[in-house]
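>>> Sequence and predicted structure, then a few things I'm wondering about:
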Amino acid sequence: MRTDLFIGNEWAPAASGRRFDVQNPATEELLASVAEGDAADIDRAVAAARACFESAEWRGLSARKRGALLFKAADLLASRLPEMAELETRQNGKPLFESKIDVSSTVETLRYYAGWCDKFGGETVPVDGNFLTYIRHEPIGVIGAIVPWNFPLNIAGWKFAPALAAGCTVVLKPASETPLTALLMGEIFAEAGLPAGAFNVVPGHGSTAGSALVRHPDVDKISFTGSTSVGQRIMQDAAGTVKRLTLELGGKSPNIIFDDADIAAAVRGAQTGIFYGKGEVCAAGSRLLVDRKVKDQVVEQLAARCRKLLPGDPFDKTTRLGAVVSKKQQESVLEYIGTASNEGATLVAGGKAATVNGKGFFVEATIFDDVAPTMTIAREEIFGPVLAVLAFDDEEEAVALANQSMYGLAAGVWSRDIGRAHRVAHAIRAGTVWVNTYNMYDPAAPFGGYKQSGFGRDLGRTALEGYTETKSVWIAL
Ligand code: NAD
């Protein structure tokens, strides 16, 4: 596959000539050597995106034709699903079945926003006086999309699909661990007939390429998904040019099991809530809050399931726990496991590094019981397959514990009491609450955070609006 920068529908090496290695975390094999973009390359990509944004070819394209291009891209992506999913698994380490879900979701996201193109209109408003006053939603301009390594293509799609649908152009900076599916997406968009410069991909490091994109005066908005600490840095760097921002940041999401829940379903939900995606999921249910009356029962059942959830070859159909993304991430997760033990939490399952066929950066599915809300493991995002179990005595305490976090991305509630389910869903300060389910996403449902989990939303009509400026036009009658 092509491993150069994708700018203006052409492939080009980095201006510096530098390249960086991409490694398969499950086998430790070298996968590719990719062009390493920096400020000079970001400059070229932004110029291409700006020229396209101003061009008659893009600005003059009707909304319906823009939609047709996105539908075409969705069809092409769907036809290359096996290849794309395989590439995602090779660079990220996640089981192949998860990558297939990721690619299918991206197809759905593209189709959802393709459908919006010719249905997203303005409105007239009833002002005082003799005027016709109407509101237009105009594309913001050039979007810098900066994404993490956990759902490399899928999260990029949460940005490029609504941005292109709104009539913006895009410069995508994928995570340096996982640039390959983004590059393949460039090829697909070009084949779909997107004009040169509408979609560009510049792989590189955050501190160079990423930072240059955020500071660039000709970029109108940054749509970022990643850690809260990098999000804070981006807010500072964006201030100089008063850039619009969408920030999807970290999480420490509570998954709450009440004693009136269907316990077997709740245990399954707790398991997928933390171990799907090896726990490298922003919305992972990493804090399991359980009613003390059923806690031992829940922990016992969960630990039994967890011991069967063995790290495996991501290409094996039966594997449900892949490799974490890198050695660095494995070390960070293991350090949190050590801290949890030192701070007095009880290790119930897992807790160690693992290999598959003697290779790879795996971590066992790990559960800690007897976690206090003040412990590091209850407060900080680990971003790995590590669950912290905390007990509560009543609904009020459950809500207080759930909200006792600087994050507010998502939450789960397991209860058969419909009144309680709604009460708790309303009381939790998070952008998504799942009741008797977990980790559900749909292009139509906005996703994003409260508090330090960020602001702005991906997905839904809300995201589309986020790629537009609102203009009021007054006509004296
Ligand atoms: P990260 O913040 O380290 O990196 C994310 C992206 O930002 C990468 O492309 C990186 O190169 C770039 N970057 C780093 N420094 C930068 C800088 N100074 N300027 C501009 N760009 C810079 O995150 P990660 O380790 O790749 O991903 C894990 C984090 O992402 C977790 O905190 C997770 O919760 C979060 N995440 C959030 C969501 C969400 O929707 N809220 C979804 C997935 C992941």
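Structure's in. What do you need?

>>> how would you label residue 390: helix, strand or coil?
The assignment at residue 390 comes out as strand when based on DSSP: H, G, I helix; E, B strand; the rest coil.

>>> Could I get the full set of strands for the stretch 151-300 of the chain?
Secondary structure of the stretch 151-300 of the chain, counting by DSSP state E, counting those that start in this stretch: strands at 169-173, 199-201, 221-225, 244-248, 254-257, 287-291.

>>> Report the distance from the first one to the chain centre.
To tie it back to what came earlier, the one meant is strand 169-173. Here strand 169-173 is found 16 Å from its chain centre; the criterion is Cα atoms, centre = their mean, to the nearest Å.

>>> who touches that strand?
37, 42, 45-46, 49-50, 52-53, 58, 141-147, 156, 159-160, 163-164, 182, 185, 197-204, 206, 209-210, 213, 219 (Cβ atoms under 8 Å, 6 or more residues apart in numbering). For the C-beta atoms, the positions are set from N, CA and C on the backbone; glycine is no exception.

>>> Touching, residue 291 and residue 259? I think so.
Yes - contact criterion Cβ atoms under 8 Å: residue 291 and residue 259 qualify, at 4.1 Å.

>>> Neighbour count: the two, which is higher?
Legend: neighbour count by other Cβ atoms under 10 Å for residue 291 and residue 259, higher for residue 291 (22 against 15).

>>> centroid residue for this structure?
Residue closest to the mean C-alpha point of the chain, counted by Cα atoms, centre = their mean, is residue 155 at 4.3 Å.

>>> Run through the residues that contact that residue.
Per Cβ under 8 Å, 6+ apart, neighbours of residue 155: 147, 148, 225, 248, 458.

>>> out of those, who's near the ligand?
Restricting those to those touching the ligand (Cβ under 6 Å from any ligand atom) yields 147, 148, 225, 248.

>>> Thought residue 146 was touching the third one, still the case?
What it means is residue 225. Yes - counting by Cβ under 8 Å, residue 146 is a contact partner of residue 225 at 7.4 Å.

>>> Pull up the residues of this protein that are close to the ligand.
By Cβ under 6 Å from any ligand atom, the residues of the chain that approach the ligand are 146-150, 155, 173, 175-176, 205-207, 210-211, 214, 225-227, 230, 233-234, 248-251, 282, 381, 383, 409, 449, 453-454.

>>> Can you tell me which of those residues end up in helices?
155, 211, 214, 230, 233, 234 (DSSP state H).

>>> Spatially, what comes nearest to the second one if we skip its sequence neighbours?
Using Cβ to Cβ, 6 or more residues apart in numbering and skipping residues adjacent in sequence, the residue nearest residue 211 is residue 237, 6.2 Å away.

>>> Does the one you found touch residue 213 like I think?
No - here residue 237 lies out of contact with residue 213, judged by Cβ under 8 Å, at a distance of 9.5 Å.

>>> For the two, indicate the residue with more neighbours.
Taking neighbours as other Cβ under 10 Å, residue 237 and residue 213 compare with residue 213 leading, 30 against 17.

>>> What is the burial count for the closest residue to the more buried one other than its chain neighbours?
The shortest distance from residue 213 to any non-neighbouring residue, by Cβ to Cβ, 6+ apart, is to residue 144 (4.1 Å). Number of residues near residue 144 (other Cβ under 10 Å) recorded here: 31.

>>> quick one: residue 144 from residue 251, how far?
For residue 144, the distance to residue 251 (Cβ to Cβ, to the nearest Å) stands at 23 Å.

>>> for residue 458, same thing?
The gap separating residue 458 from residue 251 is 14 Å, by Cβ to Cβ.

>>> Comparing the two, which residue is more hemmed in?
The neighbour comparison of residue 458 against residue 251 (other Cβ under 10 Å) goes to residue 251, with 30 against 26.

>>> Can you report how many residues lie near the nearest residue to the more buried one once chain neighbours are set aside?
Using Cβ to Cβ, 6+ apart and skipping residues adjacent in sequence, the residue nearest residue 251 is residue 409, 3.3 Å away. Neighbours of residue 409 under the rule other Cβ under 10 Å: 27.

>>> Who does residue 255 form a beta bridge with?
Taking DSSP bridges as the rule, residue 255 bridges to residue 288, residue 412.

>>> what bridges to the nearest residue to residue 370 once chain neighbours are set aside?
Distances taken as Cβ to Cβ, 6+ apart place residue 346 nearest to residue 370, at 4.5 Å, with adjacent residues excluded. Judged by DSSP bridges, the bridge partners of residue 346 are residue 369.

>>> Can you give me every residue that contacts residue 346?
Contacts of residue 346 by Cβ under 8 Å, 6+ apart are 368, 369, 370.

>>> From the ligand, how far off is the residue nearest to residue 120 when sequence neighbours are not counted?
Nearest residue to residue 120 in three dimensions, chain neighbours excluded: residue 464, at 6.1 Å (Cβ to Cβ, 6+ apart). Noted for residue 464: a distance of 17 Å to the ligand, by Cβ to the nearest ligand atom, to the nearest Å.

>>> Tell me the gap between the helix or strand where residue 464 lies and the middle of its chain.
In this structure, residue 464 sits in helix 460-465 according to DSSP states H and E. Relative to the chain's own centre, helix 460-465 is displaced by 16 Å; criterion: Cα atoms, centre = their mean.

>>> same question for the helix or strand following that helix, mean pLDDT?
For helix 460-465, the following helix or strand on the C-terminal side (DSSP H and E) is strand 468-476. Computed over strand 468-476, the mean pLDDT rounds to 98.

>>> strands paired with strand 468-476, and their directions?
Applying DSSP bridges, one finds strand 468-476 paired with strand 131-139 (antiparallel).

>>> rewinding a little: what's the closest of the contacts of residue 346 to residue 295?
Checking the contacts of residue 346 against residue 295 by Cβ to Cβ gives residue 369 as the nearest, at 8.0 Å.

>>> ok, the residue lying closest to residue 262 once chain neighbours are set aside to the ligand distance?
Nearest non-adjacent residue to residue 262, counting by Cβ to Cβ, 6+ apart: residue 416, 6.6 Å away. As judged by Cβ to the nearest ligand atom, residue 416 and the ligand stand 30 Å apart.

>>> Please name the residues that touch residue 416.
260, 261, 262.

>>> quick one: secondary structure of it?
Here residue 416 is recorded as coil under three-state DSSP.

>>> Residue 69 now?
Three-state assignment for residue 69 (three-state DSSP): helix.

>>> can I assume it is in contact with residue 191?
No - contact criterion Cβ under 8 Å: residue 69 and residue 191 do not qualify, at 10.8 Å.

>>> Same drill for the two, tell me which one is more crowded.
Neighbours around residue 69 and residue 191, counted as other Cβ under 10 Å, are more numerous at residue 69. The numbers are 20 against 13.

>>> and the more buried one, what does it touch?
61, 114, 164, 192, 193, 194.

>>> Residue 100 should be in a strand, yeah?
No - read with three-state DSSP, residue 100 is helix and lies in no strand.

>>> Was I right to think it contacts residue 78?
No - here residue 100 lies out of contact with residue 78, judged by Cβ under 8 Å, at a distance of 11.3 Å.

>>> Before I go, just wanted to say thanks for your time.
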